[in-house]
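Participant: Provided below are the primary sequence and the corresponding predicted coordinates.
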Amino acid sequence: MGRTEPSFGRPPPAFRRYARAKKAKATINKVIPSLLSAHPRARRGIDSAELVIAPKAQPRPSSKGSAEVIASPPRLTIRACDTLTAAHFLLTSPANTTKKVVILNMASPLSPGGGFLNGATSQEEFLCMRTTLLPSLRDEFYRLPEVGCIFTPDVLVFRDSEGNDLDKKDRWFVDVVSAAMLRLPETEVDESTGRGGYVHQKDRELVIDKMRAVMRVAQMRGETKVVLGAWGCGAYGNPVGEIARAWRRVLLGGVEGRGKGKKRGAKGIDTMDTWESVEDVVFAVSDAVMAEAFEAAFGDKLNWADEVDGEDKSEGEGNTEEMRVKEL
């Protein structure tokens, strides 16, 4: 016997994209202006957004006449969830007394919000749908610098991971660093291991510089909790193993490498990045294969979160439509 009730399937992709684009336009034109009137802190955050180009390492005075104090690395955790879920967990943790959390917006280098207004679904678009981030990404900041970022304090989160509006009492604030990863670098696959990698060493070094810039800005702004991710490992075509190993080098290199030819600047100042003020770094990675690559790169230095609360499967993805924009 056939169905006696009508079947309601999932709408086709084009319709879903249209619906997202329509909601995006309403969000930026109506919802966010209303929220900014009710939340002066969010308005001040937008006004305070700044472009930071090639931030320098913060020098550490050398210890003359005494044993050098070795900085402890931040606690490193991976969580199977989206960026904002990871940030909220850190923000509400009893151990967080400073209430300062910053997240990495894996941004488009060309367009504020990437394909948000066109209904795209990468990490940046989800952030723009759920927060007051987009108005802070001013046109004058673009094209984003090769090494640098936009820092936006006090971004208001007003929707949950399902896109539903939060009650006023449940809204919360987070700081955001918006930076762009390499797009479609030349890569190759190692036949013996099956792992992808960069063809050119200069790309590997540029990735390191980009990551250091993000962490330097976080440290300069007094952030103690940082949420990162599989930056550029989707449509932007960066091999996840390369990205994971680069993060390890940036986050642990200053600790693991101390005493092994560490660099010193003028007047005996140690210029190695060690992130003394950063207590926790969480990698929000929903994709299981990408998470395994991070585990392989970090080994026992990386802890897995106890529970799985992932939502957004697009973390780490770039916007395929935006990638077709001609480079200038």
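Facilitator: On my side now, so go ahead.

Participant: list the helices and strands the strand ranked longest in the chain packs on?
Facilitator: Scanning the chain for the longest strand, with DSSP state E as the assignment, gives strand 148-157. Judged by 3 or more CB pairs under 8 Å, 6 or more residues apart in numbering; DSSP states H and E, strand 148-157 is in contact with helix 40-47, strand 50-53, strand 172-179, helix 201-220. Yep, even glycine has a C-beta here, placed from its N, CA and C like the rest.

Participant: most tightly surrounded among these?
Facilitator: strand 172-179 (a mean of 24; mean count of other CB atoms under 10 Å).

Participant: CA-only coordinates of that strand, as PDB, when you get a sec.
Facilitator: Output in PDB follows, covering the C-alpha atoms of strand 172-179 (Å, rounded to 0.1, in the frame of the first residue of the first chain):
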ATOM      1  CA  TRP A 172      26.800  36.600  25.100                       C
ATOM      2  CA  PHE A 173      30.000  38.300  23.900                       C
ATOM      3  CA  VAL A 174      33.200  37.100  22.300                       C
ATOM      4  CA  ASP A 175      36.200  38.700  20.700                       C
ATOM      5  CA  VAL A 176      37.000  37.900  17.100                       C
ATOM      6  CA  VAL A 177      40.200  37.800  15.000                       C
ATOM      7  CA  SER A 178      39.400  37.700  11.300                       C
ATOM      8  CA  ALA A 179      42.300  36.500   9.000                       C
END
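
Participant: List the buried residues for the next helix or strand after that strand?
Facilitator: Counting by DSSP states H and E, the next helix or strand C-terminal to strand 172-179 is strand 187-189. Neighbour-count burial for strand 187-189, counted by 16 or more other CB atoms under 10 Å, picks out no residue.

Participant: So which residues make contact with strand 187-189?
Facilitator: Under the criterion CB atoms under 8 Å, 6 or more residues apart in numbering, residues R195, G196, G197, Y198, V199, G237, N238, P239 lie in contact with strand 187-189.

Participant: Please, a PyMOL command that selects the buried ones among those residues?
Facilitator: To isolate the buried members of the contacts of strand 187-189 in PyMOL, using 16+ other CB under 10 Å:
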select buried, resi 196+198+237+238+239
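
Participant: Relative to T98, which of the contacts of strand 187-189 is nearest.
Facilitator: Minimum distance to T98 across these is 31.8 Å, recorded for N238 (CB to CB).

Participant: now the spatially most central residue of the chain, nearest residue through space, not along the chain?
Facilitator: Nearest to the geometric centre of the chain sits L104, at 2.3 Å (CA atoms, centre = their mean). In space, and not counting its chain neighbours, L104 is closest to L228: 5.1 Å by CB to CB, 6 or more residues apart in numbering.

Participant: relative to strand 172-179, how tilted is the helix or strand where F126 lies?
Facilitator: Using DSSP H and E, F126 maps to helix 123-130. Orientation check (axes from the mean of the first three to the mean of the last three CA atoms, to 10 degrees): helix 123-130 against strand 172-179 gives 150 degrees.

Participant: now for helix 123-130, which elements pack on it?
Facilitator: Counting by 3+ CB pairs under 8 Å, 6+ apart, helix 123-130 packs on helix 13-26, helix 83-92, strand 101-106.

Participant: List the buried residues of the second one.
Facilitator: Neighbour-count burial for helix 83-92, with 16+ other CB under 10 Å as criterion, is recorded at T83, L84, T85, A86, A87, H88, F89, L90, L91.

Participant: Quick check: the farthest pair among those residues?
Facilitator: It's T83 and L91 that sit farthest apart of the buried residues of helix 83-92, by CB to CB, at 12.4 Å.

Participant: What about the contacts of strand 187-189, which are in strands?
Facilitator: Among these, DSSP E puts G196, G197, Y198 in strands.

Participant: next SSE after the host helix or strand of V226?
Facilitator: V226 belongs to strand 225-228 when assigned by DSSP H and E. Remark: after strand 225-228, the chain's next helix or strand is helix 240-256, criterion DSSP H and E.

Participant: Can you tell me what sits against that following helix?
Facilitator: 70-74, 76, 181, 195-198, 204, 207-208, 211-212, 215, 228, 230-233, 272-275, 281, 283, 289-290, 293-294, 296-298, 301, 316.

Participant: So what angle separates the directions of the next helix or strand after it and helix 201-220?
Facilitator: Using DSSP H and E, the helix or strand that follows helix 240-256 in sequence is strand 280-284. Strand 280-284 and helix 201-220 are oriented at 130 degrees to each other (the same axes, to 10 degrees).

Participant: who does strand 280-284 pair up with?
Facilitator: Strand 280-284 sits in its sheet next to strand 75-79 (parallel), strand 225-228 (parallel), going by DSSP bridges.

Participant: which stretch among those strands comes nearest P40?
Facilitator: strand 225-228 (24.2 Å).

Participant: got a list of contacts for that closest one?
Facilitator: By CB under 8 Å, 6+ apart, strand 225-228 touches 74, 83, 86-87, 90-91, 96, 98, 100-104, 214-215, 218, 247, 278-284.
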